[in-house]
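Participant: Sequence first, then the predicted structure, then my questions.
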Amino acid sequence: MERILIIGSSGAGKSTLACALGRRLNMPAIHLDQLYWQPGWRKSDSVAFLARVAEVLAAPRWVMDGTYATTLPERLVRADTVLWLDYGRAICFCRVAKRIVSHWGRTRPDMADGCPERLDLEFLAYIWSFRRRQVPRLTAALAQHGRHAHLHVLKTPSDTVRFLASLDQN
């Protein structure tokens, strides 16, 4: 595993897993939220965002978290491993609630500077509809651009713990 892509719903734990893998495998953890968001929760210019993503994709080793559809094909082509955190919405909502409470008004370490944690109804709606709206897109993108990559679909946090433990055995 040299180029690991972590995808899934918001709140699944993609950034946490990216940091854990980065430490364990001694590779940089890249958080797409840091590349996309500008201070004050302003969206990046799409050309600038694509350029930042292309720059980090060129590196020989990385673990990257984010499901951003606009860059998914390019990221899948470069990835040799895809970890799909395919957790239910209840887990994701609980984790987002915990994140909001624990970081309220402050910027999380995996988020762009100047984007303090907040409650955002559009964000919650995204999580609610993730399985219906995003999963078909992810499945199609994986079939078209990621067939070469080793895909690990992790359905529960216990699956993720077992996956991490399996790395210690290799």
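Facilitator: Nice, I can see it.
Participant: Every contact and neighbour count from this point should use C-alpha atoms.
Facilitator: Fine.
Participant: Where does the prediction get shaky in this structure?
Facilitator: 170 (pLDDT under 70).
Participant: can you rerun that using 90?
Facilitator: Within the chain, the stretches with pLDDT under 90 are 168-170.
Participant: can you give me the strands in it?
Facilitator: All strands of the chain, identified by DSSP state E, fall at 3-8, 29-31, 37-38, 42-43, 62-65, 81-85, 150-154.
Participant: List the strands paired with the third one, with their directions.
Facilitator: Read it as strand 37-38. According to DSSP bridges, strand 37-38 has the following sheet partners: strand 42-43 (antiparallel).
Participant: Go through the strands of the chain and name the closest to residue 107.
Facilitator: Residue 107 sits nearest to strand 37-38 of all the strands of the chain, at 11.7 Å, using CA to CA.
Participant: Pull the residues that contact the closest one.
Facilitator: 43, 44, 111, 112, 113, 114, 115 (CA atoms under 8 Å, 6 or more residues apart in numbering).
Participant: That one: how far from the chain's middle?
Facilitator: Taking the mean of its C-alpha atoms, strand 37-38 sits 16 Å from the chain's own mean (CA atoms, centre = their mean, to the nearest Å).
Participant: ditto for stretch 87-103
Facilitator: That offset, for stretch 87-103, works out to 15 Å (CA atoms, centre = their mean).
Participant: Over to stretch 28-45?
Facilitator: Per CA atoms, centre = their mean, the centroid offset for stretch 28-45 relative to its chain is 12 Å.
Participant: Tell me where this structure has helices.
Facilitator: 14-25, 32-36, 46-57, 72-78, 89-103, 121-128, 130-133, 135-145, 157-168 (DSSP state H).
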